[in-house]
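Peer 1: need a 3D model of the following:
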Amino acid sequence: MNTLEEAIAEVQKRINDDSHIAVSLKETDELIGELFLMQEERDSDTFNIGWNFNARYEGKGLARESAEALLEYLYMQKDARRLYAYVEDDNFRSQKLCEKLGMRQEGCMMEFVTFTKHPDGTPKYENTYMYALLKWEWLKRKESPSI
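Peer 2: Purely as a prediction, here's the structure:
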């Protein structure tokens, strides 16, 4: 989004859309990030998940706490079987969060996606890891938190 109008349009779209969940501080209601989930059309028990958090709140465990609540909700309320996340190869914090959540790296897709451009205006493609976690793996971790 580049303009205020685009941002307002996106907010209006998300008002009735459960695929993005705002995360705020309990004490102040300050918005600090978002969780997102996209249910697969073909496999309705499979969700693509992710998160975006304000860098000022990094390292405080808030993203992990929020992501764990999302996993709990998807596995226990939405009967998810499989969750997966795409993480760019230079996003070390999200890679570490996936690992803390018990997700395993399943592969690396070379030049998979582009969010930015090179100085000459051409797309800058990023290598992207795929992490995943099955419900039975998550339940096993909950039974033995030291895993």
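Peer 1: quick one, strands of this protein?
Peer 2: 20-24, 31-39, 46-53, 82-88, 104-117, 123-134 (DSSP state E).
Peer 1: and the longest one, what does it pack against?
Peer 2: Right, strand 104-117. When contacts are defined as 3 or more CB pairs under 8 Å, 6 or more residues apart in numbering; DSSP states H and E, strand 104-117 packs onto strand 82-88, strand 123-134. All C-beta spots, glycine's among them, are computed from the backbone N, C-alpha and C.
Peer 1: can you do 7 Å?
Peer 2: Packed against strand 104-117 by the contact rule (3 or more CB pairs under 7 Å, 6 or more residues apart in numbering; DSSP states H and E) you find strand 123-134.
Peer 1: quick one: list the elements packing against the strand it packs on.
Peer 2: strand 82-88, strand 104-117.
Peer 1: any buried residues in it, and which?
Peer 2: Glu126, Thr128, Tyr129, Met130, Tyr131, Ala132, Leu133, Leu134 (16 or more other CB atoms under 10 Å).
Peer 1: I'd like the average pLDDT over that strand.
Peer 2: Average pLDDT, strand 123-134: 95.
Peer 1: gap between that strand and the chain center?
Peer 2: The chain centroid and the centroid of strand 123-134 are separated by 12 Å under CA atoms, centre = their mean, to the nearest Å.
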